[in-house]
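Visitor: my questions concern the predicted model and sequence given below.
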Amino acid sequence: VEYPPAIWGKLSTNSEDCLRGKCKFIEQCFVYKARGVEEFPHIVVTNYHMLFTDLAVREATGGHAAVLPPYDVLIMDEAHEAKDIAMAFQGFEFTGSKVRWLANRLRGTKIEGASARADRLLNISEHFFNRLVSYQDPQRRDAIIRGPLGWDEDLVRNLKSTSDFLRNHAKSEKPKDDDAKSALARIEKLGEVFLRRCAELSGVCFGEGDPPALPCGMVFYVEKRQRGDVSLCCKGVEVQQFLQDHLFSEKTVIGTSATMTTNGHFMFIASELGLEQGDYAALVAPSPFDPHRMLVLLPSSMPDPRDREAHMQAVAEAVVYLKEQLGGQIMALFTSYKAMNHAAQLLKRRYPESTILVQGEMPKSRIIECFKNTSSAVILATSSFWQGVDIPGKALRCLIIDKFPFLPPTDPVLKYMEDRLGSDGMSAFFDY
């Protein structure tokens, strides 16, 4: 079932909204019931986000709290992704949707003056994001933030004062019953969330120390999304010590992936994860796929990818041609939404009766299920379909890749490493 975001926001919760033991519904909570069943399981299947949430909770509480049950052995599939996800967990994203969530929760407290504060927050944040959307580093002309922004004091002050307003209210009120006690706990929790957003924003706006500088080991940048939204993003780049302290030094870890070796060895991925030569054993297993049953085509007549419009049109025409030849059972993977949507428009115009499945138009699981059950279907997708998609047998006959998904030279983490390695006399191309 798909819900509109406005309704789903009222039905769902997250780690910042959940009261845990203070919630009066904890005995009926499906999540906590599931955790109770899994308290002493033999095997737990989870994802990287839950794994790193668990590690972060254990770190923050000194091991007194956790999300996952205790475990001694960890098997990480697609282990080449571990560092990137850990980097995201060591950072944050400050977005318009998060501000709107705060404003809606603030109004929902029903405290006198809360609605006026919510309106003020939205007005101030709109000014902040309008300014952020045109941000460029004054010297490098890119969207990486290399020093404190020097603004926006009004937004930081608003977040801090609203946090104080909520927490003071929660402490000053005397609950008359369990419902009132639960409501005050939720208000106090919301005040803590406001305080976290304030700390995140203050660090990038005004820096730390004297003279002020951005926090070390972090890369800050502005990201513009497909729908015109803009986000202030932060990633922790130096996560090797975190992984070593909370994962590799305490657990037996098995990492598997089809893309972990570089030139036949594991030294690069090991260094990315903070492992040295003697810290791990390595095995390169043969591929289960028979290369003699596959045909790889590399068209030599395609336009130069730097001519984006011509290349995009040529790829779309190639997808249409292969659809004509094969009838269906094709998956085309793109490195941009623009190229994917262009091919989708062309295919739908040429084949209005065919099943053209486009990422974003329905959930991923439904796209794959529909594709498996429709012999004339075509999937058009981007990054989330590049891995973790299993379409065995004859359901998939042809895979099209518009460009290999190397990071662009403007990627913030790549630029950060380029600057850091360059200052040490090293080359990002050869050493990263």
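Guide: Nice, thanks for sending it over. Predicted, not measured: the structure shown is a model, and the values here were computed from it.

Visitor: use CA for all of it now, contacts and neighbours both
Guide: OK.

Visitor: and the strands in the stretch 251-400 of the chain?
Guide: Using DSSP state E, counting those that start in this stretch, the strands of the stretch 251-400 of the chain run over 252-256, 330-333, 356-358, 378-381, 398-401.

Visitor: right, so of the ones you listed, which gets closest to residue 296?
Guide: strand 398-401 (9.6 Å; C-alpha to C-alpha).

Visitor: and the helix or strand that that closest one is followed by, how far out from the chain middle?
Guide: Per DSSP states H and E, strand 398-401 leads on to helix 412-423 as the next helix or strand towards the C-terminus. What separates the centre of helix 412-423 from the centre of its chain is 21 Å, taken as C-alpha atoms, centre = their mean, to the nearest Å.

Visitor: list the buried residues for helix 412-423?
Guide: 412-418, 421 (16 or more other C-alpha atoms under 10 Å).

Visitor: by contact count, what packs against that helix?
Guide: strand 218-224, helix 428-431 (3 or more C-alpha pairs under 8 Å, 6 or more residues apart in numbering; DSSP states H and E).

Visitor: 10 Å instead?
Guide: strand 144-145, strand 218-224, strand 230-236, helix 428-431 (3 or more C-alpha pairs under 10 Å, 6 or more residues apart in numbering; DSSP states H and E).

Visitor: what is the burial count for residue 134?
Guide: Look at residue 134: counted by other C-alpha atoms under 10 Å, it has 11 neighbours.

Visitor: so which residue is dead centre in the protein?
Guide: Centroid check for the chain by C-alpha atoms, centre = their mean gives residue 88 as the closest residue, at 6.7 Å.

Visitor: for that one, give me the pLDDT.
Guide: pLDDT, residue 88: 87.

Visitor: where's it relative to residue 52, distance?
Guide: Plainly put, residue 88 is 10 Å away from residue 52 if you go by C-alpha to C-alpha, to the nearest Å.

Visitor: between the buried residues of helix 412-423, which is closest to residue 351?
Guide: Nearest to residue 351 among the buried residues of helix 412-423, with distances taken as C-alpha to C-alpha, is residue 412, at 39.7 Å.

Visitor: who's in contact with the closest residue to the closest one other than its chain neighbours?
Guide: Excluding the flanking residues, the one nearest residue 412 by C-alpha to C-alpha, 6 or more residues apart in numbering is residue 144, at 6.1 Å. Residue 144 makes contact with 135-137, 219-223, 233, 410-413, 415-416, according to C-alpha atoms under 10 Å, 6 or more residues apart in numbering.

Visitor: equivalent analysis for residue 231, please.
Guide: Contacts of residue 231 (C-alpha under 10 Å, 6+ apart): 93-98, 129, 132-133, 221-225.

Visitor: one more pass at 7 Å, please.
Guide: Residue 231 is in contact with 93-95, 222-224, counting by C-alpha atoms under 7 Å, 6 or more residues apart in numbering.

Visitor: can you count the residues close to the nearest residue to it once chain neighbours are set aside?
Guide: Setting aside the residues directly before and after it, residue 231 is nearest to residue 95 in space (C-alpha to C-alpha, 6+ apart), at 4.7 Å. Using other C-alpha under 10 Å, residue 95 is surrounded by 17 other residues.

Visitor: what do you get for the one 3 residues further on?
Guide: Using other C-alpha under 10 Å as the criterion, residue 98 is surrounded by 13 other residues.

Visitor: for the residue with the largest distance to the centre of the chain, give its distance to residue 260.
Guide: Of all residues in the chain, residue 176 has its C-alpha farthest from the mean position, at 41.7 Å, by C-alpha atoms, centre = their mean. Going from residue 176 to residue 260 by C-alpha to C-alpha gives 58 Å.

Visitor: tell me if I'm right that residue 147 and residue 214 touch.
Guide: Yes - Residue 147 lies in contact with residue 214 (C-alpha atoms under 7 Å); the separation is 5.8 Å.

Visitor: higher neighbour count, the two?
Guide: residue 214 (20 against 16).

Visitor: from residue 153, how far off is the closest residue to the more buried one other than its chain neighbours?
Guide: Nearest non-adjacent residue to residue 214, counting by C-alpha to C-alpha, 6+ apart: residue 207, 4.7 Å away. Relative to residue 153, residue 207 is positioned 12 Å away (criterion: C-alpha to C-alpha).

Visitor: low-confidence regions, the protein specifically.
Guide: For the chain, applying pLDDT under 70 flags the ranges 1-17, 19-22, 26, 31-41, 138, 141, 226-228.

Visitor: quick check: angle from the lengthiest helix in it to strand 218-224?
Guide: Of all segments of type helix in the chain, defined using DSSP state H, the longest is helix 178-206. For helix 178-206 against strand 218-224, the angle by axes from the mean of the first three to the mean of the last three C-alpha atoms, to 10 degrees is 100 degrees.

Visitor: can you give me the buried ones in helix 178-206?
Guide: Applying 16+ other C-alpha under 10 Å to helix 178-206 flags 181-195, 197-198, 200-206 as buried.

Visitor: same for it, what does it pack against?
Guide: Helices and strands touching helix 178-206, by 3 or more C-alpha pairs under 7 Å, 6 or more residues apart in numbering; DSSP states H and E, are helix 153-172.

Visitor: where do the helices of the stretch 201-350 of the chain begin and end?
Guide: 240-243, 267-272, 308-326, 337-350 (DSSP state H, counting those that start in this stretch).
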